[in-house]
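J.: need a structure here:
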Amino acid sequence: MKSLKEIGCSLIGWNPAILKECGEASQRQFRKLLSAICIMMVLWGTIGYCFAERYIGIESIPFKLLVVVAFMFIILCVERVIILTVGKARLMTVMRVMMALCMAVLGSCIFDQIIFSNDIQQTIQERREEKIISTIDKRLSVYDTDIKRINAAIDSISKVNDALYRELEAKPTTTITTVSTSQQVAGIDANGKPIKTNVQSVNKTVVPNPRAEQAKGNEEQLKIYNAQLDELRNDKKNIDKTVREDFSKRPTGFIEELEATLAVVSQSPVSLTFYIILFMFLTFLELFVLTIKTGDSKCDYELIVEHQLELKKNVMLNTENTLKK
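T.: The predicted structure is shown next:
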């Protein structure tokens, strides 16, 4: 029993030696504070476990327990600040009330997401269905634009090729004329030197019409465009399945679940009433230690601590006055 009391004193920050000299009022105050601390630690340990599992995505039990310990340690330190305050601290009281409201909102949201999990999942599915339909419409618009653009390009190239084929049908070949100049000896002058003259020779070569290569290149481009067109049409046909698979692979985010929670809570008076009750319950729990600390009359433990503080102040003042003399 003695060791348990020492553990309790360690939790709330009380001195077991001073508590031992106190009366029943301090013993009861000690038990009330310890009970409130234990309730808060269990509550926030549970919230920490749910938070680690649902939002951090921790699957390992030891790591979940580490998060639980961290949450419990944080709430213990917060409550010890209130418990170990000597005298009145109005600003700290106001801050603790505000913190209690914030923590109650956080806790009630997490608990609501567990309690209303089926309704929340249904709401998430409905919201995702709306997003799926919107995404499908947007992608269909993009596909239609791309298909229209490729069809226009195909029509343009086809018209050019039709003109080329008509030209090739009328003139399948073309003649290339090559003119070359060479010098030939035409005779010898009076001095015995050769007389050279320029002779031009004309060569005509019949070759295929070069428009045929242009038409061939256009045909290759048409094959590429037709392949792209077939791919776009196939993707457009499977757009519903593709978008649904993409959305099914997305994990549920915190904001998405929070929005669904607010929608579930606000759409029904029953769920809203339950949320308010849960919020008030958590708020009162958060203020448990504060009300015990500020609401009750001072016990002899607190009187002893304040008396020791006054004695220390007087000793320091007397020492200071002595040094001045």
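
J.: please count neighbours and contacts with C-alpha atoms only from this point.
T.: Noted.

J.: can you count the residues close to residue 109?
T.: 19 (other CA atoms under 10 Å).

J.: cool, residue 140 as well?
T.: Residues near residue 140, counting by other CA under 10 Å: 17.

J.: residue contacts, it?
T.: 236, 239 (CA atoms under 8 Å, 6 or more residues apart in numbering).

J.: how much space between it and residue 234?
T.: 12 Å (CA to CA, to the nearest Å).

J.: mind listing the helices for the protein?
T.: 2-12, 16-20, 24-51, 61-83, 90-115, 117-170, 211-237, 239-249, 254-267, 269-286, 288-295, 300-324 (DSSP state H).

J.: of those helices, which shows the lowest average pLDDT?
T.: When the helices of the chain are compared by mean pLDDT, helix 288-295 comes last with a mean of 72.

J.: mind listing what's buried in that one?
T.: 288-290, 293-294 (16 or more other CA atoms under 10 Å).

J.: please put the alpha-carbon coordinates of it into PDB.
T.: This file holds the C-alpha atoms of helix 288-295, laid out as PDB (Å, rounded to 0.1, in the frame of the first residue of the first chain):
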ATOM      1  CA  PHE A 288     -11.900  17.200 -13.800                       C
ATOM      2  CA  VAL A 289      -8.500  18.000 -12.300                       C
ATOM      3  CA  LEU A 290      -9.100  21.700 -12.700                       C
ATOM      4  CA  THR A 291     -12.400  21.700 -10.800                       C
ATOM      5  CA  ILE A 292     -10.800  19.500  -8.100                       C
ATOM      6  CA  LYS A 293      -7.900  21.900  -7.800                       C
ATOM      7  CA  THR A 294      -9.900  25.200  -7.900                       C
ATOM      8  CA  GLY A 295     -13.300  24.200  -6.600                       C
END
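
J.: what is the orientation angle of that helix with helix 269-286?
T.: Interaxial angle, helix 288-295 versus helix 269-286 (axes from the mean of the first three to the mean of the last three CA atoms, to 10 degrees): 50 degrees.

J.: one step back: common neighbours of residue 140 and residue 234, please.
T.: Contacts common to residue 140 and residue 234, judged by CA under 8 Å, 6+ apart, are absent.

J.: ok so, going back, highest average neighbour count across the helices of the chain?
T.: helix 24-51 (a mean of 18; mean count of other CA atoms under 10 Å).

J.: for residue 156, give its distance to residue 221.
T.: Residue 156 is 11 Å from residue 221, by CA to CA.

J.: that older thread, distance to residue 124 for the buried residues of helix 288-295 - can I get that in JSON lines?
T.: Formatted as JSON lines, the buried residues of helix 288-295 follow (distance: CA to CA, whole Å):
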{"residue": "288", "distance to residue 124": "36"}
{"residue": "289", "distance to residue 124": "38"}
{"residue": "290", "distance to residue 124": "39"}
{"residue": "293", "distance to residue 124": "44"}
{"residue": "294", "distance to residue 124": "44"}
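
J.: I appreciate the help and will end here.
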